[in-house]
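J.: got a predicted structure plus its sequence, pasted below:
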Amino acid sequence: MNCFHEEDQSAIRDAFERACTDGEPYDLTLRLRSDTNTQQWVRVRGDPRVREGTVVSVQGTIQDVTEQTNRQRELRLLQQAIDDANVAITLADPTQDDEPLVYVNNAFTELTGYTPAETIGRNCRFLQGKDTDPAKVDSLREAIDNEESVTVELRNYRKDGTEFWNRLTLTPIYSDEGQLVRYLGTQKDITTQRRWQKELVDERRFMTRALNTLDDLLYVLDEDGYFQRWNERVPEVTGYTNSELDDMHAADVFPEDERDKVIKTMSEVLQGQQPTIEAHLRTVDGQQIPFEFTGNRLPGKEDNTAKIIGIGRNVSSRNERQRQLGVLDRVLRHNLRNEINVIRGHAEVIDENAANGVGQSVKKIVQKSDDIINIANKSRKITKIAQKSPKSENKHINGLLNGVIQNITQNHPEAAVEFECPSEVEVDVSIHFEKALSELITNAIVHNDSSSPSVVVTVSLTDDMAQIKIADDGPQIPEVERQVLLQEDEQTPLYHGSGLGLSLVRLVISRSGGTIFYADSSSGGNSIVIEVPKC
């Protein structure tokens, strides 16, 4: 008896006494004393032998059940841990029809509202409802059929009908013989997490839409100057695809002679400065567009890394307006002053000698007054166009030119204007494109000394462009006016009415996305070619 613990000694003594007096058998599992930390368990059995109503002996056996007892104890502890776990746990039996649940823990009851009695013997699909995604259910079914582990996020329903997002994980459990005996399921309520994710996704989508509505370029560069992120305007303007931009250095979208300046500016931004530069953005087809770039240092997650966030703004219209205002300023300072001086001189002649040369002086006064009015009118047109944002529209070139030529020939019946257009074609041009064509054709007539000036207007087509050639047989356009037309007039102050009109032409053609060329005409006059994009 001393080999047992005291409480076990009392238990076996009581059991033995009952066996002797009442003939009651006993079966006890007892722990043996030990001088070490190891525990040994034995199973003690007593079987009374009764003769003529009297117990004559008790036959007993002792069996070592340490391993079995420890295993049962571990199983009880495991069962208790599973029962009390914070994660909802289920066990399903794949050997039965419809794979019913055979166990659910307390957390499952708290999560779903269903008691064990309401769940044991049922397939767990009772948690599904009208908005459960069938595709995810199919993927779950496929994994079960293939005896594979799987995790899916399902919209499930509690007993009271409320929805919740359930992250369900199923794991197959096999016996020692390799037979599938159970499916272990864990369920986690991720409703709050899903709501946060949705809010984050919605916020990101909103920010992306907002950034993509900008006319400006928005981009992020890494510390080495390579593109990391950008809004939709970047590929739209540059012509490079997103995959191409993903491997590009920012300096590669600038002309070679401006790359050093761009790289120097990026270095200044990484040092914490906020420089602003103007540089030409080179598109994939070689076009160079003036842009103003500003940048800021964007600290990275690590102290030794940083990025550049930048904005690029197209300043073509701004530069054109500034240039046109400069033209008008030079016109007002130079040409109007000279014209007024001529008028003043002739007025003095009239005043000093009313009897001699009065008629000629009066004609001169009228002519110069008309010139001033013409300059003022064209200056006002240029100013109005330059001050407004560029607008374009689709126009049929045949009907447009027919209308322009008809108006001009009504005002100048002495002129012969021929028009050739191979087919009806639609062009995308400035809303003021008609004024530019009218200016060029009218100039070809009024600056021709012939009594019957001739102008030939022809239209030809390429894959993307429409070419409009205006050829005349008059005197060649002076070099200074050619410079106005071909954008080479930055340092030239000599503007008069026709020169200002050519400046208007250039502004309109530029806003139409077109170009203008000059060449001597085969008839000895001038040939001006305009190229504008087709629709």
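T.: Perfect, thanks for sending it.
J.: helix, strand or coil for R167?
T.: Three-state call for R167 (DSSP: H, G, I helix; E, B strand; the rest coil): strand.
J.: just confirm it contacts E153, I think it does.
T.: Yes - counting by Cβ atoms under 8 Å, R167 touches E153, with 5.2 Å between them. For glycine as for every other residue, the C-beta is placed from the backbone atoms N, C-alpha and C.
J.: which residues are common contacts for those two?
T.: I190 (Cβ atoms under 8 Å, 6 or more residues apart in numbering).
J.: okay, the residue lying farthest from the centre of the chain: pLDDT?
T.: Relative to the centre of the chain, the most outlying C-alpha is that of E52, 99.0 Å out, by Cα atoms, centre = their mean. Per-residue confidence (pLDDT) for E52: 77.
J.: same check, this time on D247
T.: The model's pLDDT for D247 equals 83.
J.: now it: closest residue in space that isn't a chain neighbour?
T.: Once flanking residues are discounted, D247 sits nearest to Y226: 7.7 Å by Cβ to Cβ, 6 or more residues apart in numbering.
J.: enumerate every residue touching that neighbour.
T.: 247-250.
J.: check V58 too.
T.: Here V58 is in contact with 16, 19-20, 46-49 (Cβ under 8 Å, 6+ apart).
J.: try 6 Å this time
T.: 19, 46, 48 (Cβ atoms under 6 Å, 6 or more residues apart in numbering).
J.: contacting residues around stretch 299-314?
T.: 216-223, 269-270, 291-298.
J.: buried ones in that stretch?
T.: 306-314 (16 or more other Cβ atoms under 10 Å).
J.: closest to D428 among the contacts of Y226?
T.: Closest to D428 out of the contacts of Y226 is M248 (28.9 Å), distances taken as Cβ to Cβ.
J.: how about the contacts made by that closest one?
T.: F227.
J.: would you check how far apart D215 and R321 are?
T.: From D215 across to R321, the span is 16 Å (Cβ to Cβ, to the nearest Å).
J.: who's more crowded, the two?
T.: R321 (18 against 8; other Cβ atoms under 10 Å).
J.: does that one lie in a helix or a strand, and which?
T.: helix 316-330 (DSSP states H and E).
J.: and E481, by the same measure?
T.: Counting by DSSP H and E, the element that carries E481 is helix 479-485.
J.: which elements pack onto that helix?
T.: Counting contacts by 3 or more Cβ pairs under 6 Å, 6 or more residues apart in numbering; DSSP states H and E, helix 479-485 is packed against helix 497-511.
J.: neighbours of V429, how many?
T.: V429 has 27 nearby residues by other Cβ under 10 Å.
J.: picking that back up, now the helix holding R321: mean pLDDT?
T.: Rounded mean pLDDT across helix 316-330 is 72.
J.: check stretch 204-224 too.
T.: 83.
J.: ok, the residue nearest to H432 when sequence neighbours are not counted to D370 distance?
T.: Excluding its sequence neighbours, the residue lying closest to H432 (Cβ to Cβ, 6+ apart) is V508, at 4.8 Å. Separation of V508 from D370 (Cβ to Cβ): 24 Å.
J.: neighbour count winner among the two?
T.: Applying other Cβ under 10 Å to V508 and D370 shows that V508 carries more neighbours, namely 26 against 11.
J.: contact partners for that one?
T.: Here V508 is in contact with 430, 432-433, 436 (Cβ under 6 Å, 6+ apart).
J.: can I get those residues in JSON lines including pLDDT and secondary structure?
T.: Shown next, in JSON lines, are the contacts of V508 (pLDDT from 0 to 100; DSSP: H, G, I helix; E, B strand; the rest coil):
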{"residue": "S430", "pLDDT": "88", "secondary structure": "strand"}
{"residue": "H432", "pLDDT": "85", "secondary structure": "coil"}
{"residue": "F433", "pLDDT": "90", "secondary structure": "helix"}
{"residue": "A436", "pLDDT": "87", "secondary structure": "helix"}
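J.: closest to V532 among those?
T.: F433 (7.5 Å).
J.: number of nearby residues for the closest one?
T.: If we define neighbours as other Cβ under 10 Å, then F433 has 26 of them.
J.: tell me the contacts of it?
T.: Taking Cβ under 6 Å, 6+ apart as the test, what F433 contacts is 508, 512.
J.: now with 7 Å, please.
T.: 395, 508, 512 (Cβ atoms under 7 Å, 6 or more residues apart in numbering).
J.: gap between it and V427?
T.: Taking Cβ to Cβ, one finds F433 at 8 Å from V427.
J.: and P299, by the same measure?
T.: 49 Å.
J.: and the strands in the stretch 201-350 of the chain?
T.: Remark: strands assigned in the stretch 201-350 of the chain by DSSP state E, counting those that start in this stretch are 217-221, 227-230, 276-282, 288-299, 306-314.
J.: buried stuff in the fourth one?
T.: Within strand 288-299, the residues that qualify as buried by neighbour count (16+ other Cβ under 10 Å) are 290-295, 297-298.
J.: pLDDT and distance to K469 added to the residues you listed, as TSV?
T.: Listed next are the buried residues of strand 288-299 as TSV, based on pLDDT from 0 to 100; distance: Cβ to Cβ, whole Å:
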residue	pLDDT	distance to K469
P290	93	29
F291	94	33
E292	93	36
F293	94	38
T294	92	43
G295	90	45
R297	90	53
L298	84	52
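J.: relative to V56, which of the residues you listed is nearest.
T.: Closest to V56, out of all of these and judged by Cβ to Cβ, is L298, at 96.9 Å.
J.: so what's the closest one closest to, chain neighbours aside?
T.: Nearest in space to L298, with sequence neighbours left out and distances taken as Cβ to Cβ, 6+ apart, is K307 at 4.2 Å.
J.: wait, which of the strands of the stretch 201-350 of the chain is closest to P453?
T.: For these, the distance to P453 is smallest for strand 288-299, at 38.2 Å, taking Cβ to Cβ.
J.: so what strands line up beside the closest one?
T.: Strand 288-299 pairs in its sheet with strand 276-282 (antiparallel), strand 306-314 (antiparallel), by DSSP bridges.
J.: and P94, its phi and psi?
T.: phi -80, psi -10 (degrees, to the nearest 10).
J.: ok, V55 touching C20?
T.: Yes - V55 lies in contact with C20 (Cβ atoms under 7 Å); the separation is 5.3 Å.
J.: helices of the stretch 301-450 of the chain, residue ranges please.
T.: Using DSSP state H, counting those that start in this stretch, the helices of the stretch 301-450 of the chain run over 316-330, 336-352, 358-387, 397-411, 433-446.
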